[in-house]
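J.: 3D model of this:
(4 chains)
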Number of protein chains: 2
Amino acid sequence: MMRGMTTTERRRDAERTKAEILQVAQREFARKGYAGARVDEIAELMRTTKRMIYYYFSSKEQLFIAVLEKAYSEVRAVEQKVDVAHLAPVEAIRTLAELTFDHHDAHRDFIKLVAIENIHQAEHISKSPVLANLGTPVLDLIERILAAGKASGDFVTEADAVDVHMIISSFCFFRVSNAHTFGALFGRDMTAPENRARLRKMVGEMVVAYLRGAGAADVT
Amino acid sequence: MMRGMTTTERRRDAERTKAEILQVAQREFARKGYAGARVDEIAELMRTTKRMIYYYFSSKEQLFIAVLEKAYSEVRAVEQKVDVAHLAPVEAIRTLAELTFDHHDAHRDFIKLVAIENIHQAEHISKSPVLANLGTPVLDLIERILAAGKASGDFVTEADAVDVHMIISSFCFFRVSNAHTFGALFGRDMTAPENRARLRKMVGEMVVAYLRGAGAADVT
DNA sequence: CTTGTAATGTACGAACTGGTACGTTAGTTT
DNA sequence: AAACTAACGTACCAGTTCGTACATTACAAG
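T.: Residues are numbered from 1 along each chain as shown, chains lettered A, B, ... in the order given. You can find the predicted model right below:
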């Protein structure tokens, strides 16, 4: 009884073990990919043994799904905190873009997991009921900002929430996910500290410029 | 003698065999990832046997590198053909963006290979001397367009060629690479035919709008 | 037509890898 | 304090996977 009781350090702690497995597994999957990650290696990097992985997660695939679920839920938790309701449309969307940038910057393992999941045609996400309908909150937020911007006349471009989310995401995601090949081919590390501030500013300006309609063919 | 001689269909043809191996391998690597792809499976999908893979490419890793080299060189060949020199700066950059869009759209396997290579920290690209300094041609082109745009007063934003290339690439790349998870979470297939034209127009407008400086904080 | 060699096919092995059978211990309940 | 169960450890196996030793054949040269 009393699950949370830890006055004396327990040697056996299910929650702790599960958490450690997830943490180590996340790093391994992010670094080696799904097929490239080794269950034995994950086990060696923990205090517990391989047996525990199967005790709590049944299979490598289930473990990967659990890692994805945990990572996505953490993302969601952060996104909920974004408060841009009190800002004017232009500043609201700019801020959202910059916060998205910060978030991607801070959760690089998560980005890699998503990239891996895309290589596998999102087959694991499909198997998880937890992960469906997880995108709607952001879309609602963007929708409100867009409506306000249209009403105030700041936004001219015809674009829906999904489009805008895609613009922002693509930039922030690519910067992290493709840093290696981009760096190898163009000699610039997009994730280097000295480039951070400039690129962060770029996302914001890009979305705002686009929504203002300055890119249309009939504009001078 | 006479390598190209093929009046009678030869049963033994090194070039043909090598080409088929590369083609099949490209598809397998793109679908399963590097570690996920199986040499035996690649062999089964060809007319020849696994022995030939090792006869011509020595190892799985070398094969993957060869696939990357072939894919990148094909990309480069297409990019060389882009002729935007005669266009005005705004139309030139817009056209470049749209052509990049088309190119990514047409070479999805290549996109996936690059994504895979990024998961593996571009370690294979680094091992290939062929693949270094491959990005410069595009950068030169963009540089010229930017200079012309600055001179004509069309472009106001301070951004160099690498930045602009990144904006364009991120959008085009993300659309293909993340189509699966994006579709699963937001219910829209970015690669579906009905979205193609709209998104293609978006890249162009986005870059142009950004370069015109409409996103800056001090612009009304 | 013989002979040399590039190209190809067959069979197999050593190491790895996901997964499990079985035994043990800590902590809780009564 | 006995008994019960969740949590954990060890040893191991069966299937897979990259790679190779060895045999063979098509083709070109002289």
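J.: Whether the longest helix along chain A contacts DNA strand C - can you check?
T.: Within chain A, and with DSSP state H defining each element, the longest helix by residue count is helix A:60-80. Yes: Helix A:60-80 lies within reach of DNA strand C by CB under 7 Å from any atom of the strand, at A:60-61. Backbone N, C-alpha and C define where each C-beta goes, glycine included.
J.: starting at the chain centroid, how far to that helix?
T.: The chain centre lies 10 Å from the centre of helix A:60-80; the measure is CA atoms, centre = their mean, to the nearest Å.
J.: Helix A:60-80 and the helix or strand following that helix, what's the angle between them?
T.: Using DSSP states H and E, the helix or strand that follows helix A:60-80 in sequence is helix A:89-106. For helix A:89-106 against helix A:60-80, the angle by axes from the mean of the first three to the mean of the last three CA atoms, to 10 degrees is 150 degrees.
J.: A:Val82 contacts A:Asp102, doesn't it?
T.: No: A:Val82 is not in contact with A:Asp102 according to CB atoms under 8 Å; the separation is 10.3 Å.
J.: what helix or strand is A:Ala35 on?
T.: Assigned by DSSP H and E, A:Ala35 falls within no helix or strand.
J.: could you measure the residue nearest to it when sequence neighbours are not counted against A:Gly135, distance?
T.: Excluding the flanking residues, the one nearest A:Ala35 by CB to CB, 6 or more residues apart in numbering or on different chains is B:Gly36, at 3.6 Å. Distance of B:Gly36 to A:Gly135, computed by CB to CB, to the nearest Å: 27 Å.
J.: more neighbours, these two?
T.: Higher neighbour count among B:Gly36 and A:Gly135: A:Gly135, with 22 against 17, using other CB atoms under 10 Å in any protein chain shown.
J.: residues in contact with the closest residue to the more buried one other than its chain neighbours?
T.: The shortest distance from A:Gly135 to any non-neighbouring residue, by CB to CB, 6+ apart, is to B:Leu185 (3.9 Å). Each residue near B:Leu185 by CB atoms under 8 Å, 6 or more residues apart in numbering or on different chains is listed here: A:125, A:131-132, A:134-135.
J.: Report the buried members of those.
T.: Buried residues within the contacts of B:Leu185, counting neighbours by 16 or more other CB atoms under 10 Å in any protein chain shown: A:125, A:131, A:134-135.
J.: Out of those residues, list just those in helices.
T.: A:Ile125.
J.: count of neighbours near the residue in chain A positioned nearest to DNA strand D?
T.: Across chain A, no residue is closer to DNA strand D than A:Ala14, which sits at 3.1 Å (CB to the nearest atom of the strand). Counted with other CB under 10 Å, the neighbours of A:Ala14 add up to 12.
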